[in-house]
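Enquirer: any chance you can model this:
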Amino acid sequence: MSSPSISPRPPVDWEPPVAVPGDPATLASRRAGDSDPKTARARPLGAARTPERERFGRNMDSLAFRDRMFPPLEEVPRLRRALGLSQPRLAAMAGISQSAVAKIERGKTNPSYTVVKRLFECLEAERRQRERVATVADVRSHRVVSVPPSAWLEAAVAEMRHHKFSQLPVIEGRHAVGSLSERTITNLILSGKGPSEFARLRVAEIMEGPYPTIDESAPVYLVAGLLQHYSAVLATVRGEVQGIVTKSDILKLV
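Expert: Predicted coordinates for the structure are as follows:
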């Protein structure tokens with residue numbers, strides 16, 4: 001019977017071969033992108049380094065989005081509910097299926113960067129739309145109580161008492177021509193005029209200048225600035241008075 005062949009043991013002082021700079025295997029390894037020459041033997045000579053996208057596949061994009069300026073995926077359902085959006089509505093906005101949105105919110109899928117980008121862009125666009133600048137039309141009173149310049153002062157004062165207003169615009173043909181206020185009437189009394197004289201006065205004789213006008217599409221901060229100097233501002237549409245704004249109307253925004 002022949003004895004089995006036994007490989008001779010390496011000498012005690014034997015060491016594994018080390019790649020030497022300038023050696024063809026070492027150079028091929030470094031050209032392929034391997035910085036460690038000892039690992040060159042693990043890859044055939046001249047083999048190219050495997051691209052990361054090939055090793056990770058399609059989900060390479062899903063790994064990349066975590067380094068971008070997006071909130072965590074867990075924020076999607078919270079932001080969606082805060083904006084009052086349903087899953088089907090958000091899916092339609094982002095161009096994906098409702099089931100995909102549901103899986104993302106439950107953490108059952110790892111979406112691509114493109115899908116995540118579309119979701120957060122849609123949520124941000126909706127938020128900006130909801131937070132648009134308030135306009136005069138958002139706060140104005142639609143019913144304008146006014147008096148014509150031909151009205152008797154006594155009738156105008158009765159109108160102010162009835163509505164509990166401290167001032168009234170004087171309007172003729174939907175255009176402001178003057179204003180009447182408690183201050184105007186108080187000045188008349190202080191000048192010595194009595195009730196009998198009031199009965200013979202018309203609004204046109206004592207009215208002050210008209211309140212400033214502003215288009216109802218203007219931002220509300222402009223009318224707030226005017227109210228620092230006037231007791232009221234008239235809102236117009238194509239030059240015609242359609243509403244009035246006072247300081248109490250600005251409180252509608254709070």
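
Enquirer: surely residue 189 is in a strand?
Expert: No - assignment of residue 189 by DSSP: H, G, I helix; E, B strand; the rest coil gives helix, placing it outside any strand.

Enquirer: pull the number of nearby residues for it.
Expert: 11 (other C-beta atoms under 10 Å). C-beta here means a position set from N, CA and C on the backbone, and glycine is covered the same way.

Enquirer: please apply the same query to the one 4 residues further on.
Expert: Using other C-beta under 10 Å, the number of residues around residue 193 comes to 15.

Enquirer: what kind of secondary structure is it in?
Expert: With three-state DSSP as the criterion, residue 193 reads coil.

Enquirer: got the phi/psi numbers for it?
Expert: The phi and psi values for residue 193, taken as degrees, to the nearest 10, are phi -80, psi 140.

Enquirer: distance of it relative to residue 224?
Expert: Going from residue 193 to residue 224 by C-beta to C-beta, to the nearest Å gives 36 Å.

Enquirer: what do you get for residue 205?
Expert: Distance, residue 205 to residue 224, by C-beta to C-beta: 33 Å.

Enquirer: and those two? Which one has more around it.
Expert: residue 224 (16 against 9).

Enquirer: what residues are up against the more buried one?
Expert: By C-beta atoms under 8 Å, 6 or more residues apart in numbering, the contact set of residue 224 is residue 250.

Enquirer: again, but for residue 247
Expert: 227, 231.

Enquirer: next one: the one 4 residues further on
Expert: Shown here is residue 251, which makes no contacts under the criterion C-beta under 8 Å, 6+ apart.

Enquirer: that's a helix at it, yeah?
Expert: Yes - according to three-state DSSP, residue 251 belongs to a helix.

Enquirer: from residue 172, how far off is it?
Expert: 30 Å.

Enquirer: make sure residue 155 is indeed in a helix.
Expert: Yes - going by three-state DSSP, the assignment for residue 155 places it inside a helix.

Enquirer: ok, now how distant is residue 243 from residue 189?
Expert: Following C-beta to C-beta, the distance that separates residue 243 from residue 189 is 31 Å.

Enquirer: whoops, I mixed them up, residue 95
Expert: Applying C-beta to C-beta to residue 95 and residue 189 gives a distance of 70 Å.

Enquirer: ok, now residue 249?
Expert: Taken as C-beta to C-beta, the span from residue 249 to residue 189 is 29 Å.

Enquirer: now residue 129
Expert: Between residue 129 and residue 189 the distance is 53 Å, computed by C-beta to C-beta.

Enquirer: try residue 137
Expert: 38 Å.

Enquirer: also residue 183?
Expert: 11 Å.

Enquirer: that's a strand at residue 78, yeah?
Expert: No - assigned with three-state DSSP, residue 78 falls outside any strand and is helix.

Enquirer: so what are the domain limits for this protein?
Expert: 55-130, 136-253 (automatic domain parsing).

Enquirer: lowest mean pLDDT across the ones you listed, which one is that?
Expert: Least confidently modelled of the domains of the chain is domain 55-130, at a mean of 80 by mean pLDDT.

Enquirer: give me the contact list for stretch 207-221.
Expert: Contact with stretch 207-221 is made by 133-140, 149, 169-170, 176-181, 184, 222-223, 226, 230-237, 241-244, 250, 253, as judged by C-beta under 8 Å, 6+ apart.

Enquirer: which ones among those are found in strands?
Expert: Counting by DSSP state E, the contacts of stretch 207-221 place 169-170, 176-181, 233-237, 241-244 in strands.

Enquirer: may I see the ChimeraX selection of the buried members of those?
Expert: Per 16 or more other C-beta atoms under 10 Å, the buried members of the ones in strands among the contacts of stretch 207-221 correspond to this ChimeraX selection:
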select :169,170,176,177,178,179,180,181,233,234,235,236,241,242,243,244
